[in-house]
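Novice: Curious how this folds, go ahead:
(one chain, ligands or ions: 1)
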Amino acid sequence: MKDFDIIIVGAGPAGSCLARLAAGLPGLRIALLDARALDSAYTGTGRIKSCGGLMAPAAQKALARMDMALPSRLLVTPQLFAVRTLDLPSGLERNYQRFYLNLDREAFDRWLFASVGDSVRKFSSVMVKKLHRERDGYGVLCEDGTHLCCRFIVGADGANSVVRRKLFPQLRPTCYISIQERFALESRKPHFAAFFDPEITDYYAWGLPKGQEYLLGAAIPATTGAGKTFLRFKEKIRPFGYDLRDPLSRESTLILRPDGPPASGVLPDGTACLLGEAGGYISPSSAEGFSYAFRTAMLLYRSLRLAGEGRSSDAYFKNVCRWQDHLLRPLRLELWGKCLKRQVLYRPFLRRLVMRSGLRHLRCLES
Ligand SMILES: Cc1cc2nc3c(=O)[nH]c(=O)nc-3n(C[C@H](O)[C@H](O)[C@H](O)COP(=O)(O)OP(=O)(O)OC[C@H]3O[C@@H](n4cnc5c(N)ncnc54)[C@H](O)[C@@H]3O)c2cc1C
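Specialist: Coordinates of the predicted model:
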């Protein structure tokens, strides 16, 4: 007898949402594991998830579909209405309206984790180190020596997923190194900024006020000297009014970028599945990941419901994987569309053409 029918590795937006939804399904013993201390308030030390914490309308819509509403304590000042878009080599600058919510990411993840019902066994501050195949499922070995086993494993463990690396070795998504520094917010205008410069990155770089801090980040190709490139980035934005020195802290982590529609991330033998960024579900144009984490989790919940009776049998989990593979198709198609959008946004000539056209530009009042 296995300890659990399902072990979910990672309690970020994808893992916690799946656990919260699946908690209501009778006949399934579920465990949710995370390396972060998500069972207590964040005190400024310990493992964190590096993130901008902006929740886009697609993610808000997904929360609404799960009948979830955010407590205001998760919001961080200021709430932003526009993105200042800067093409550094040409000096072109435009403002575009945006409808994001500015969130405290660590508080948000703790709130999601707390919302998971008691029928799910939650493990916090537990880092999964190894997985191994057992006769009818997997053994999961954690850094603190905890050993658990399950029939079905869900990898919701983000960009550097141990579940993906171990069980889906054929998936090798393109990785960028994301560096984000935090500065004391002095008198800077409360701009949310997006910076474009092929010398720095062919992906995304951003600036963002967050409470008493200003976050500056860039997703830099993993092949270049990311640290040096980030220094160069800070030099290049100085003439545009971002004189950012003496960071309070620095985070660096991996971020994925799909080159095409991601693989479905299910094992046909019905033993494992990937969710959210672990499966490569993230926008290749804006690096928006919340909505994909929520939606892949919602789809797996639907698959668990549609797969029929006999919830702890092998046939049941094979059905789950078949459904998930099928239900993910529209999302994969959507990401393929985003890959096309990426071709416009990140081609300097096309981007400048759009920016020069003034299309959708919000003209600010002169002071
Ligand atoms: C710097 C940066 C800024 C970003 N800004 C935004 C933004 O503003 N808006 C947006 O929508 N998206 C943003 N993203 C993308 C977004 O953060 C992710 O796509 C999203 O969080 C994915 O959710 P997830 O649940 O799939 O994975 P994650 O949020 O990465 O959660 C994975 C969880 O698994 C845990 N974990 C990992 N490995 C293990 C292990 N071995 N054992 C146990 N637990 C483990 C981690 O602690 C984490 O809690 C940003 C990403 C980065 C890197």
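Novice: mind listing the helices for the stretch 51-200 of the chain?
Specialist: In the stretch 51-200 of the chain, the helices defined using DSSP state H, counting those that start in this stretch lie at 57-65, 105-114, 162-167.
Novice: which parts of the stretch 151-300 of the chain sit against the ligand?
Specialist: Residues of the stretch 151-300 of the chain lying near the ligand by C-beta under 6 Å from any ligand atom: 156-158, 162, 178, 180, 217, 253, 255, 276-278, 282, 287-290, 293. To be clear about C-beta, it is placed using only N, CA and C from the backbone, and glycine gets the same treatment.
Novice: what's the answer for the stretch 1-150 of the chain, then?
Specialist: Going by C-beta under 6 Å from any ligand atom, the residues of the stretch 1-150 of the chain near the ligand are 9-15, 33-36, 49-54, 56, 59, 127-128.
Novice: could you redo the last one with a cut-off of 8 Å?
Specialist: Within the stretch 1-150 of the chain, the residues that sit near the ligand (C-beta under 8 Å from any ligand atom) are 9-17, 33-36, 38, 47, 49-56, 59, 100, 105, 109, 126-129, 142.
Novice: Pull out the buried residues from stretch 148-161.
Specialist: For stretch 148-161, the neighbour count (16 or more other C-beta atoms under 10 Å) marks 148-159, 161 as buried.
Novice: What is the nearest of these to Leu362?
Specialist: Checking the buried residues of stretch 148-161 against Leu362 by C-beta to C-beta gives Ala159 as the nearest, at 32.8 Å.
Novice: which residue does the stretch 1-150 of the chain bring closest to the ligand?
Specialist: Using C-beta to the nearest ligand atom, the single residue of the stretch 1-150 of the chain nearest to the ligand is Gly12, 2.2 Å away.
Novice: Next, the contact list for that residue, please.
Specialist: The contact partners of Gly12, by C-beta atoms under 8 Å, 6 or more residues apart in numbering, come to Asp34, Lys49, Asp109, Ala156, Asp157, Gly158, Gly276, Ala293.
Novice: if I look at the residue nearest to the first one when sequence neighbours are not counted, how far off is Leu32?
Specialist: Ranked by C-beta to C-beta, 6 or more residues apart in numbering and with sequence neighbours excluded, the top spatial neighbour of Asp34 is Ala11, at 3.8 Å. Separation of Ala11 from Leu32 (C-beta to C-beta, to the nearest Å): 5 Å.
Novice: Also Ala297?
Specialist: Separation of Ala297 from Leu32 (C-beta to C-beta) stands at 12 Å.
Novice: Any regions of the stretch 1-150 of the chain where pLDDT drops low?
Specialist: Counting by pLDDT under 70, the stretch 1-150 of the chain has low-confidence residues at 1.
Novice: 50 - rerun?
Specialist: Within the stretch 1-150 of the chain, no stretch has pLDDT under 50.
Novice: residues in contact with the spatially most central residue of the chain?
Specialist: Residue closest to the average C-alpha location in the chain (C-alpha atoms, centre = their mean): Gly289, at 3.8 Å. Shown in contact with Gly289 (C-beta under 8 Å, 6+ apart): Pro13, Gly276, Glu277, Tyr281, Ile282, Ser283.
Novice: at 10 Å instead, please
Specialist: Residues near Gly289 by C-beta atoms under 10 Å, 6 or more residues apart in numbering: 12-14, 51-52, 56, 59, 158-159, 255-256, 276-277, 281-283.
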